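Colleague: Attaching a predicted model along with its sequence, questions to come.
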Amino acid sequence: MKANPPRHISAFEARSLVLFASLALGGAASSMAQPVREPAARSAAATPRTAAAVKAEQAAFERADRNQDGQLSATEAQSLPVIASRLTELDADGNGSLSREEFSRGAQQ
């Protein structure tokens, strides 16, 4: 069997090969470097909020806040059964009512 002489690779071919290899390896490495996201039940950041969702959330808060004091009391929260059932869990400051921020965090979960 006759040995083939070594093939000469031009500079263009060498650069093309290096570029292709780095693109292939870089793509594989970047896909592996993506952060692991928590399930939606654990992290509100996992679910991006649309402007329509924020608007609907604000409208629900305003409808439930009958006395317009910016807080949802336990009585006012009864009009939103899901929120009412979790009132003590969502009430971060423990004052017995939900602020807009507490309501928003609860609505995202």
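Modeller: The structure has been received and is ready for your questions. Every value quoted in this text rests on a predicted model; they were computed, and no experiment measured them.
Colleague: contacts, neighbours, all on C-alpha from now
Modeller: Fine.
Colleague: and the residue nearest to Ser104 when sequence neighbours are not counted, how many neighbours does it have?
Modeller: Among residues not flanking Ser104 along the chain, Glu57 sits closest, at 7.2 Å (CA to CA, 6 or more residues apart in numbering). The tally of other residues near Glu57 (other CA atoms under 10 Å) stands at 16.
Colleague: after the strand or helix carrying Glu57, next one along is what?
Modeller: Take DSSP states H and E as the rule and Glu57 turns out to sit in helix 51-64. Scanning forward in sequence from helix 51-64 by DSSP H and E, the next helix or strand is strand 71-72.
Colleague: What mean pLDDT does that following strand get?
Modeller: For strand 71-72, the mean per-residue pLDDT is 92.
Colleague: Show me what it is packed up against.
Modeller: Other helices and strands packing on strand 71-72, by 3 or more CA pairs under 8 Å, 6 or more residues apart in numbering; DSSP states H and E, are strand 98-99.
Colleague: try 10 Å
Modeller: helix 51-64, strand 98-99, helix 100-108 (3 or more CA pairs under 10 Å, 6 or more residues apart in numbering; DSSP states H and E).
Colleague: What residues sit buried inside the last one?
Modeller: The reference is to helix 100-108. Going by neighbour count (16 or more other CA atoms under 10 Å), the buried part of helix 100-108 is 100, 102-104, 106-108.
Colleague: out of those, which one sits closest to Ala21?
Modeller: Ranked by distance to Ala21 (CA to CA), these are led by Gln108 at 43.0 Å.
Colleague: that older thread, contacts only, for the residue nearest to Ser104.
Modeller: With contact set as CA atoms under 10 Å, 6 or more residues apart in numbering, Glu57 has these partners: 51, 100, 103-104, 107-108.
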